[in-house]
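1. mind looking at a prediction? Sequence and model below.
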Amino acid sequence: MKKYTQGLCLSVLLSFGVSAHTHTHGQGELLVAQDGHTLQMQFIIPADDALNVERTADSATKQEAINVLANKLHTSHYIVDTNGQCVLQSSYNSLNTEHEEHAHQNAHSDKSEDSHEHHDIEATYTFNCKTTVNRFSITLFELMPSLNSLSMQWINNSDQGLLKITRNQPVINWQS
Ligand SMILES: [Zn+2]
């Protein structure tokens, strides 16, 4: 097991979490790290579930769906409800980057994916929280009707663990 020599951050989680990632439609991942008042969340969602666009849709339709989703992912409102305990400090999502990759597809021919349809969308949020958060609701399921579950890994100063979040049970109680 790794030692947390650099403090708690998502990179620590990512270093031992996403390596086991498999791309399965309907299933996403959520990494949560809490260090004092700072709460970080990273969602990794199959693009097919995130965009909810027919594979045969024309490129203009797909691009419009990407733009709409990018705007919604920018705010945490559509993603998670911290029940008023936290204020969003910053967010990042991979959609803009992916758009560039599409535009310069030939320059990225070293990528081994057989199709751009089968990738994941990442969205990361950093919150400042009044207290230690041990309960929040995932609102993402309303935004993405084909997404059924999230595998959640969490870590804080004292512990770490795994939880399953489902469409039917989107309210999370975590930490000990
Ligand atoms: Zn896929």
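-> That came through, no problem.

2. okay, CA-based contacts and neighbour counts for the rest of this
-> OK.

3. for the top helix by length along the chain, which outside residues touch it?
-> Within the chain, and with DSSP state H defining each element, the longest helix by residue count is helix 59-74. Residues outside helix 59-74 that contact it (Cα atoms under 8 Å, 6 or more residues apart in numbering) are A50, L51, V53, Y78, I79, S91, Y92, N93, L95, N96, A123.

4. and the helix or strand following it, what other elements does it pack with?
-> Per DSSP states H and E, the first helix or strand lying C-terminal to helix 59-74 is strand 80-81. Contacts of strand 80-81 with other secondary structure elements, assessed using 3 or more Cα pairs under 8 Å, 6 or more residues apart in numbering; DSSP states H and E, are made with strand 135-138.

5. got the buried residues for the longest helix of the chain?
-> Of the residues in helix 59-74, K62, I66, N67, L69, A70, L73, H74 count as buried by neighbour count, 16 or more other Cα atoms under 10 Å.

6. my guess is Q153 meets L31, correct?
-> Yes - at 5.0 Å, Q153 and L31 qualify as touching, with contact defined as Cα atoms under 8 Å.
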